[in-house]
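Asks: okay, here's the prediction I keep looking at, along with the sequence it came from:
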Amino acid sequence: MGAVLRRHATALAAAGALAAAMSACAGPAAQSGQALPVVTTSSSPSTPSTTPPPSSSPSAEPTSSSAAPTTVPPTASAKPTTQNPPATGRVVVIDPGHNGGNSTHTAEINRAVPAGRGRTKPCNTTGTATQTGYPEHAFTWDVAQRVRDLLTARGVKVIMTRKDNAGVGPCVDKRAAIGNESGAAAVVSLHADGSTAAGAHGFHLAYSSPPLNAAQGEPSLRLARTLRDKMVAGGLATSTYAGTDGLSPRDDLAGLNLTERPTVLVECGNMRDTAEAAVLASPAGRQRYADAIANGILGFLG
């Protein structure tokens, strides 16, 4: 009987010890019947998250702390970029050279502006003219409108660097900026030359060389070649006095040095050559140039 009582007492003591141990592991909340708090962890399973969610504002800046690493994703605090937009397949900038008001605003157009490659140039110039007084700025404006209309009819969005032929400028660096900021697939600057060399006539296309960025390299050369081929196909002769086979690499033209788009400058012909000047000054002749240049641009766009 005594042995039985001793075994019963031992069992009761063991049960009491087990209950005490379970109570100690559960903690005060378990002892009082309260629910345990839910702990949300960060990407590290051993560290509770104390970082607020990232701000939806694109200008929000991340905060740094030596106490604990941030859990905000790196992209959440990125600032908007100011880079020019990527090129699109159906946007073209047409740059009619010079402007009708330049000759009466000499101080404004003579001021120096950046021209690329560490150089400066006058803001703009008056351009040349035929022997009979037909000015280059009128020629380029007329042809630019004709090219614009042809391209627009084919679904191309055209941006002009000037809105009329009665203003001043814009400066050569601004013209390049218009092209860069436009998202254009191509920029074509229209001009006519004023060489006094005997027999000088024909068109040539200038492009930046050596190139200063990727757009000035193969894309600009391809644009120049495509335009050259379409102009030849349109019955226009390549230059007898500038470049080779209608192509003229240049490192001194601001619009070409500063461009970030495929860009060429078209010298459509020589206004000082009597025979060629007659074509340049006639509506039919200007339409002929516009048709060839528009076809070249469309061929480049594909």
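Replies: In hand now; what should we look at? Numbers count the residues shown, from 1 in each chain.

Asks: what's residue 252 in contact with, if anything?
Replies: By C-beta atoms under 8 Å, 6 or more residues apart in numbering, the contact set of residue 252 is 115, 119. C-beta here means a position set from N, CA and C on the backbone, and glycine is covered the same way.

Asks: what about the nearest residue to residue 155 once chain neighbours are set aside, neighbour count?
Replies: Using C-beta to C-beta, 6 or more residues apart in numbering and skipping residues adjacent in sequence, the residue nearest residue 155 is residue 90, 6.3 Å away. By the criterion of other C-beta atoms under 10 Å, residue 90 has 13 neighbours.

Asks: report pLDDT for residue 90.
Replies: The score at residue 90 is 89. That number is its pLDDT.

Asks: and the spatially most central residue of the chain, what does it touch?
Replies: Nearest to the geometric centre of the chain sits residue 84, at 3.4 Å (C-alpha atoms, centre = their mean). Applying C-beta under 8 Å, 6+ apart, we find residue 84 in contact with 180, 181, 183, 260.

Asks: which element is it on?
Replies: Here residue 84 is covered by no helix or strand, with elements defined by DSSP states H and E.

Asks: what does residue 206 give?
Replies: Using DSSP H and E, residue 206 sits in strand 204-208.

Asks: so what strands line up beside that strand?
Replies: Using DSSP bridges, the strands paired with strand 204-208 are strand 247-250 (parallel), strand 263-270 (antiparallel).

Asks: picking that back up, now the buried members of the contacts of residue 84.
Replies: Using 16 or more other C-beta atoms under 10 Å as the burial test, the contacts of residue 84 include 180, 183, 260 as buried.

Asks: tell me which of these has the lowest pLDDT.
Replies: The member of the buried ones among the contacts of residue 84 with the lowest pLDDT is residue 183, at 89.

Asks: I'd guessed that residue sits against residue 93; true?
Replies: No: judged on C-beta atoms under 8 Å, residue 183 makes no contact with residue 93 at a distance of 9.5 Å.

Asks: next up, the contacts around residue 229.
Replies: Per C-beta under 8 Å, 6+ apart, neighbours of residue 229: 296, 299.

Asks: is it fair to say it lies in a strand?
Replies: No: read with DSSP: H, G, I helix; E, B strand; the rest coil, residue 229 is helix and lies in no strand.
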